[in-house]
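Student: Structure, please.
(one chain, ligands or ions: 1)
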Amino acid sequence: MPAVLEEICAAKRAHVAQSKTKLSIQDLEEGIKQASAPRGFFSALEKKKTSKDYGLICEIKKASPSKGLIRPDFNPVAHAKDYEAAGAACLSILTDKPYFQGDDQFLIDARRTVSLPCLRKDFMIDPYQIYESRALGADCILLILAALDKSLATELESVALELGMDVLIEVHDAEEMKRALTMKSPLLGVNNRNLKTMEVSTQNTLDLAPMAGSDRLCVGESGLATHQDLIDCEKANVSTFLIGETFMRQDNIIQAVHTMVGK
Ligand SMILES: O=C(O)c1ccccc1NCC(=O)[C@H](O)[C@H](O)COP(=O)(O)O
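Tutor: Prediction:
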């Protein structure tokens, strides 16, 4: 596992242990009963694909380990509104605090403001977090296969699906893609960021997406900066993308999304 992921997951295990002392899974199940029903994350993206539109998962991201602070005037509610107005299919909201300056409250506030399906973007290593995600209102969770063995990935996926959420399975190499194809979720993210070097290359999407076959929906993730990047990925039949930093660095987010899709 890349060192940065190792470090983030170790911190996450300590954080989850702490959370469990405050709220039990039974408490979270009570919270889930009060939560609004899941919005179809996968189906929103599938709809865009069917209508031959780009399916954008627009990310609310204040900072990152590779870039530090990205958005000084960070305002998750305003960013959520802008993304919806710009035509995003879905939102991704980082909730990890120590490495991304995220917050669970950002997910709650953003989701309440818009009608888009929302991904809780965090580092899932324990079933507890899957219950917590649904109680927070998440419609989809992320599973990073580089951080999970087969049995834990399968367990987390099955809890999420039972709770009615979609699952975005993230892969970075061919071995992870093969593992992803043994899982149930049809939503596969190809991460263009090499977490060992932090370099990004859309070539990764071009190399791995063809392995996925026509039953899965591939998402190109990370380092997408220009409309040409999207056009390049279309060579591998990928028209669904997760984009954070490029949008978050622009004062006018609506304009940035329009420019990205070539409007
Ligand atoms: O962004 C990072 O530096 C990072 C470091 C370590 C683990 C994960 C990381 N990013 C999480 C993401 O998946 C991205 O936020 C997402 O793919 C959007 O990427 P970008 O468009 O490049 O902001």
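Student: beta partners of residue 193?
Tutor: residue 200 (DSSP bridges).
Student: which residues of the stretch 51-200 of the chain fall in strands?
Tutor: Listed in chain order, the strands of the stretch 51-200 of the chain (DSSP state E, counting those that start in this stretch) span 55-60, 63-64, 68-69, 90-94, 118-121, 140-144, 166-171, 187-191.
Student: any chance of the ones you listed in CSV, with mean neighbour count, mean pLDDT and distance to residue 200 too?
Tutor: C-beta here means a position set from N, CA and C on the backbone, and glycine is covered the same way. Formatted as CSV, the strands of the stretch 51-200 of the chain follow (neighbours: other C-beta atoms under 10 Å; pLDDT from 0 to 100; distance: least, C-beta to C-beta, whole Å):
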stretch, mean neighbour count, mean pLDDT, distance to residue 200
strand 55-60, 27, 98, 14
strand 63-64, 20, 97, 12
strand 68-69, 9, 98, 16
strand 90-94, 27, 98, 16
strand 118-121, 27, 98, 17
strand 140-144, 25, 98, 16
strand 166-171, 25, 98, 14
strand 187-191, 26, 98, 9
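Student: Out of those, which is closest to the ligand?
Tutor: The ligand lies closest, by C-beta to the nearest ligand atom, to one member of the strands of the stretch 51-200 of the chain: strand 63-64, at 3.5 Å.
Student: That closest one: partners in the sheet, and parallel or antiparallel?
Tutor: Strand 63-64 sits in its sheet next to strand 68-69 (antiparallel), going by DSSP bridges.
Student: Contacts (any at all) between the ligand and the partner strand?
Tutor: No. Judged by C-beta under 6 Å from any ligand atom, strand 68-69 and the ligand are separated, with a smallest distance of 9.3 Å.
Student: coming back round to it: same list, the strands of the stretch 51-200 of the chain, but as TSV with distance to residue 77 please.
Tutor: As requested, the strands of the stretch 51-200 of the chain are arranged in TSV below (distance: least, C-beta to C-beta, whole Å):
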stretch	distance to residue 77
strand 55-60	9
strand 63-64	18
strand 68-69	19
strand 90-94	11
strand 118-121	13
strand 140-144	20
strand 166-171	23
strand 187-191	25
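Student: The closest residue to residue 203 other than its chain neighbours: neighbouring residues, count only.
Tutor: With sequence-adjacent residues excluded and distances taken as C-beta to C-beta, 6 or more residues apart in numbering, residue 203 is closest to residue 192, at 7.9 Å. Using other C-beta atoms under 10 Å, residue 192 has 23 neighbouring residues.
Student: isn't residue 192 right next to residue 202, touching?
Tutor: Yes. Using C-beta atoms under 8 Å, residue 192 is in contact with residue 202, at 5.7 Å.
Student: What residues does the stretch 51-200 of the chain have near the ligand?
Tutor: Contact residues, the stretch 51-200 of the chain versus the ligand (C-beta under 6 Å from any ligand atom): 59, 61, 64, 65, 66, 195.
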